[in-house]
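Asker: got a predicted structure here, sequence first:
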Amino acid sequence: MTIGYGITLALAIGLLIAYLVMVKNKEIWLTMLYICVTVVNLGYLLLSMAKTVEFAIFGNDIAYLGSVFLSMCMLLTIVRLCGFEIKKAHIIVCVSIGAIMFAIIATSGFLPWYYESVSLETIDGSAKLVKEYGVLHPVYLVYLLGYFATMIGTIIHSVVKKKIGKPKLAGFIVGIVCSNLIVWLFEKLVSWDFEFLSVTYIISELMLLLVSWMMQDYIPIRDIPKPVFYEEKDTNIKEKMDKALSILREGESLSVRETEILEAVLENKKRKNIALEMHLSENTIKTYTRNLYNKLGVSSRDELFELISKK
């Protein structure tokens with residue numbers, strides 16, 4: 001078992017590094033989620049290496065520390081993906097609830113609240129904590145179910161409000177949460193020597209990594225801003241757009257996205273702000289801008305403005 005937990009910890013660290021390298025637009029709470037999974041697997045490894053009950057409880061507490069805040073990070077990730085704002089008050093409430101939950105769990109070995117009694121058992125050279133659940137143990141299930149219900153509610157609210165974001169990815173994460181919750185419940189009903197939840201976390205991370213990587217530059221068609229007729233725009237911008245379009249190379253035309261970016265450029269918006277408004281990465285905006293300039297026969301923003309001023 002120790003070797004197995006060592007492998008899952010190595011995989012968790014590897015996936016964290018892969019996420020940091022592969023995904024350009026990183027969500028802070030999704031990053032924290034990866035860190036929490038690493039902490040969970042570290043706790044499982046420490047527990048399996050324990051020689052005393054005290055050290056086993058310490059490893060178990062580390063694993064629970066990651067698990068408790070893993071749920072929080074999943075919820076806040078979903079909130080962000082659904083296009084809602086996360087306020088400081090939300091973070092304070094979530095952290096406070098998580099801290100209380102962990103404080104209850106950390107009473108293990110001192111008070112008979114979460115575990116009424118614990119003992120150490122060695123199986124094939126690996127330690128296992130034998131636990132008799134206390135009166136407050138069901139609180140953790142309520143904690144998990146509460147987060148799960150809030151995640152579902154957030155996605156439903158996002159769909160109803162038609163918020164801009166990535167509800168499909170958020171729904172995918174809820175599916176992962178559900179699978180992890182089922183495994184956790186099954187482990188409570190069936191006595192296993194190995195914590196298969198650690199493997200479930202790794203699979204979940206891998207799926208999240210692949211989906212995040214594929215969707216980082218994706219924007220649903222319904223989220224693409226509709227073109228705004230020039231007469232609704234400031235007269236100055238309308239004139240600039242007309243002049244810019246008049247210098248298009250023969251046979252060239254602009255896509256809806258390129259037209260929007262041209263308008264933003266003529267409004268002298270920075271690439272970072274354009275990316276934020278259009279829910280795309282800066283690299284994607286850079287690629288669009290390069291293609292746009294090529295069609296206009298210019299090499300930079302300054303050259304474009306200079307050419308327009310001569311019209």
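Answerer: Right, received. Where do you want to start?

Asker: can you show me the helices along the stretch 101-250 of the chain?
Answerer: Using DSSP state H, counting those that start in this stretch, the helices of the stretch 101-250 of the chain run over residues 138-161, 167-189, 197-215, 235-246.

Asker: packing partners of the longest one?
Answerer: Helices and strands touching helix 138-161, as assessed by 3 or more C-beta pairs under 8 Å, 6 or more residues apart in numbering; DSSP states H and E, comprise helix 53-81, helix 88-105, helix 167-189. For every residue, glycine as well, the C-beta is placed using N, CA and C.

Asker: mind redoing it with 6 Å?
Answerer: helix 53-81, helix 167-189 (3 or more C-beta pairs under 6 Å, 6 or more residues apart in numbering; DSSP states H and E).

Asker: and the longest one with helix 88-105, angle?
Answerer: Using axes from the mean of the first three to the mean of the last three C-alpha atoms, to 10 degrees, the interaxial angle of helix 53-81 with respect to helix 88-105 works out to 160 degrees.

Asker: so for helix 53-81, mean pLDDT?
Answerer: If you average the pLDDT over helix 53-81, you get 90.

Asker: which of the helices and strands packed on helix 138-161 is buried the deepest?
Answerer: Most buried of those by mean neighbour count (mean count of other C-beta atoms under 10 Å) is helix 53-81; its value is a mean of 22.

Asker: and that helix, how far from the chain's centre?
Answerer: Relative to its chain's centre, helix 53-81 lies at 15 Å (C-alpha atoms, centre = their mean, to the nearest Å).

Asker: before we move on, back to that, okay if I get the helices and strands packed on helix 138-161 as JSON lines plus distance to Val159?
Answerer: Output for the helices and strands packed on helix 138-161, formatted as JSON lines (distance: least, C-beta to C-beta, whole Å):
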{"stretch": "helix 53-81", "distance to Val159": "12"}
{"stretch": "helix 167-189", "distance to Val159": "6"}
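
Asker: of all those helices, which lies closest to Glu303?
Answerer: In terms of C-beta to C-beta, the element of the helices and strands packed on helix 138-161 nearest to Glu303 is helix 53-81, at 37.7 Å.

Asker: helices or strands up against the closest one?
Answerer: So helix 53-81, by 3+ C-beta pairs under 6 Å, 6+ apart, packs with helix 28-48, helix 88-105, strand 126-133, helix 138-161, helix 167-189.

Asker: that helix vs helix 28-48, what angle?
Answerer: 160 degrees.

Asker: before we move on, the earlier item: of the helices and strands packed on helix 138-161, which is nearest Tyr44?
Answerer: helix 53-81 (5.3 Å).

Asker: residues in contact with Ile105?
Answerer: Tyr64, Tyr114 (C-beta atoms under 6 Å, 6 or more residues apart in numbering).

Asker: repeat the analysis, applying 7 Å as the threshold.
Answerer: By C-beta atoms under 7 Å, 6 or more residues apart in numbering, the contact list for Ile105 reads Asp61, Tyr64, Tyr114.

Asker: can you put those residues in CSV and add distance to Val177?
Answerer: Shown next, in CSV, are the contacts of Ile105 (distance: C-beta to C-beta, whole Å):
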residue, distance to Val177
Asp61, 22
Tyr64, 17
Tyr114, 22
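
Asker: which one among those gets closest to Leu248?
Answerer: Tyr64 (61.6 Å).

Asker: ok, the contacts of Ile105 vs Asn41, which is closest?
Answerer: Nearest to Asn41 among these: Tyr64, at 12.6 Å, using C-beta to C-beta.

Asker: got a list of what that closest one touches?
Answerer: The contact partners of Tyr64, by C-beta under 7 Å, 6+ apart, come to Phe102, Ile105.

Asker: the same query, at a cut-off of 10 Å, please.
Answerer: By C-beta atoms under 10 Å, 6 or more residues apart in numbering, the contact set of Tyr64 is Val39, Val40, Gly43, Met101, Phe102, Ile104, Ile105, Ala106, Ser108, Tyr114, Tyr140.

Asker: sorry, back to before: pick the most deeply packed of the helices and strands packed on helix 53-81.
Answerer: Most buried of the helices and strands packed on helix 53-81, by mean neighbour count (mean count of other C-beta under 10 Å): helix 28-48, with a mean of 22.

Asker: show me what that helix is packed against.
Answerer: On a contact count with 3 or more C-beta pairs under 10 Å, 6 or more residues apart in numbering; DSSP states H and E, helix 28-48 meets helix 2-22, helix 53-81, strand 115-123, strand 126-133, helix 167-189, helix 197-215.
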